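Colleague: Got a sequence here, can you model it:
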Amino acid sequence: MVDLSTFNPGEVGNPENGIFGLPFNTVEDAQVVILPVPWETTVSFGAGTARSIEPVLKASLHIDLFEPDFQNCWKKGFYMLDVDKKILTKSDYLRKEAELFVDYICHGDEVEKNTFMCKSIREINQGGEYLNNWVYERAINLLDKGKLVGVLGGDHSTPFGFIKALAETKGEFGILQIDAHCGLRKAYEGFVHSHASIMYNVLNELPQVTKLVQIGVRDFCEEEWDYVQEHKDRITTFLDRSIKERMFEGETWQKISDEIIEQLPQNIYISFDIDGLDPKLCPNTGMPVQGGFETAQIFYLIKKLVAKGKKIIGFDLVEVGSNHVTTDAYVGARVLWQLCNWLTLSNS
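Modeller: You can find the predicted model right below:
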C-alpha cells in the first residue's frame, strides 16, 4: 500500500515517479497497469509511433491530476511497465525488411521469384505472431493478478494479444473503435498482422467480440466497405462524413452519442487510434487524415457511456507520433489520462 500522505498532487510531476508523476512504482501498487508496446513493423506511411512512449511519459508529468468527474481515481494507482528494448530492436529490424518488401511489390514484381523477398515476408509475419504472443502472455499475467490493463502502442497491430487475453478471461464484449481507418483489410501488403488488419483479425479469430462499433472512419478501401456491409450484424460504422453531415443539419452530438452507445453491449473495450482525432491535434501520427474529432467529443462520449452503466474492460491507445513532445505526446498523455480514469471509474 503506497503512503500518499506526503504526496502533493498539485505540485509539478516528479520524474523519479511513474506515469503522470504518480508515486506508484510497482505492479502491486496499482489497480491500472499500462503495457507499453514499442512496435511499428507494418506502418504504411509515417513512422515513429514505436518511439512515442517515452515522449508520452514525459508529457504525462505535466497533467493536472484534479478532475471532478474522476473522484480521485488515481489514488487507486496507475503504473506503466518499462519499455522492453528487445521488442523495439526487433521492430526496427523488421521495419527495414518491410520497407524493402513494400518497395519491391509496388513495382509489380513477383515475390515467389525472389528468394530474399520470400524470406522477408515470412520473417515479418513470424515477427507479428511473436509480438501477439508476447503481448498476450503479459496481459494474461496482469489480468490473472486482478489488474485493469491498457496497452500503449506502437501501431494499431499491437493490442491483438491483449484483446485475445480479454476474450479468454472476460467472455463476450464489444469494441468501440475511434479511428480514421477501418482496420479491416485482409493481410494488407501481404502482412498478416498488419496495423491495417487489426479488426479483421479480431473479428475472424475472436468470436467473443460480438460487436464492433467504429466511429470517425474517413479513409477506407472498397474491400473494407464490402466487409462492413456483409457483417452488419456484427459491425456498425459511423463514418466521419455522415456524423458531420448530421450535425450540419442540426442533430446534436448528444443524440449521435446515444445512438453509438445503444449499439454497444454491456462490456466494452476501447480501441483509440489517435488518428481518429482532428490531425491538428496529432499531426505526426502515422497516417493523418483531415476531419476527425475534438478530444472533448470523445471524452463526452466515454463519460455518457460510463454514466449509462457500461463497463470498460480495457483499452489501447495507439499511433501517437513521436516528433513533438508539446503536441502529439501531450495530447496522447491527456487521452491516456482520461482512459485510465474512466477504466477505473467504470469498474468501481
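
Colleague: Residue ranges in the stretch 51-200 of the chain under the pLDDT threshold?
Modeller: Residues of the stretch 51-200 of the chain meeting the criterion pLDDT under 70: 109.

Colleague: Strands of the stretch 1-150 of the chain, residue ranges please.
Modeller: Using DSSP state E, counting those that start in this stretch, the strands found in the stretch 1-150 of the chain span residues 32-37, 78-80, 148-153.

Colleague: Let me have those strands in JSON lines, extended by mean neighbour count and distance to residue 236.
Modeller: In short, each C-beta sits where N, CA and C put it, glycine included. Below are the strands of the stretch 1-150 of the chain laid out as JSON lines (neighbours: other Cβ atoms under 10 Å; distance: least, Cβ to Cβ, whole Å):
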{"stretch": "strand 32-37", "mean neighbour count": "26", "distance to residue 236": "27"}
{"stretch": "strand 78-80", "mean neighbour count": "24", "distance to residue 236": "31"}
{"stretch": "strand 148-153", "mean neighbour count": "25", "distance to residue 236": "23"}
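
Colleague: Minimum distance to residue 89: which of the ones you listed has it?
Modeller: strand 32-37 (13.5 Å; Cβ to Cβ).

Colleague: What is the burial count for residue 233?
Modeller: Other residues within reach of residue 233, judged by other Cβ atoms under 10 Å, total 8.

Colleague: oh sorry, the question was meant for residue 262
Modeller: Neighbours of residue 262 (other Cβ under 10 Å): 10.

Colleague: for residue 226, same thing?
Modeller: Neighbours of residue 226 under the rule other Cβ under 10 Å: 11.

Colleague: part of a strand, is it?
Modeller: No. According to DSSP: H, G, I helix; E, B strand; the rest coil, residue 226 belongs to no strand; its state is helix.

Colleague: ok, now which ones touch residue 83?
Modeller: Applying Cβ atoms under 8 Å, 6 or more residues apart in numbering, we find residue 83 in contact with 36, 38, 53-54.

Colleague: and residue 106, which of the strands of the stretch 1-150 of the chain is closest to it?
Modeller: strand 148-153 (25.4 Å).

Colleague: As CSV, the strands of the stretch 1-150 of the chain with distance to residue 58 would be great.
Modeller: Formatted as CSV, the strands of the stretch 1-150 of the chain follow (distance: least, Cβ to Cβ, whole Å):
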stretch, distance to residue 58
strand 32-37, 13
strand 78-80, 12
strand 148-153, 13
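
Colleague: Nearest to residue 12 among those strands would be which one?
Modeller: When the strands of the stretch 1-150 of the chain are compared by Cβ to Cβ, strand 78-80 sits nearest residue 12, at 17.5 Å.

Colleague: if we look at the closest one, which residues are touching it?
Modeller: So strand 78-80 is contacted by 18-20, 22, 24-27, 29-34, 36, 57, 152, 340 (Cβ under 8 Å, 6+ apart).

Colleague: cool, stretch 231-238 as well?
Modeller: Stretch 231-238 has contacts (Cβ under 8 Å, 6+ apart) with 182, 203, 210-217, 227-228, 256, 260, 263.

Colleague: are any of the contacts of strand 78-80 buried, and which?
Modeller: Buried members of these, counted by 16 or more other Cβ atoms under 10 Å: 18-20, 22, 24, 29-34, 36, 57, 152, 340.

Colleague: Name the nearest of those relative to residue 44.
Modeller: Distances from residue 44 to the buried ones among the contacts of strand 78-80, taken by Cβ to Cβ, are shortest for residue 152, at 20.5 Å.

Colleague: Might one say that the closest one is in contact with residue 38?
Modeller: No. Counting by Cβ atoms under 8 Å, residue 152 sits too far from residue 38 to count as a contact (9.1 Å).

Colleague: Spit out the residues that contact the two alike.
Modeller: Joint contacts of residue 152 and residue 38 (Cβ under 8 Å, 6+ apart) are residue 53.

Colleague: of the contacts of residue 83, closest to residue 166?
Modeller: For the contacts of residue 83, the nearest to residue 166 is residue 36 (17.8 Å; Cβ to Cβ).

Colleague: what sits opposite the closest one in the beta ladder?
Modeller: Beta-bridge partners of residue 36, counted by DSSP bridges, are residue 152.

Colleague: you'd agree it is up against residue 53?
Modeller: Yes. With contact defined as Cβ under 8 Å, residue 36 counts as touching residue 53 (4.6 Å).

Colleague: Noted, bye for now.
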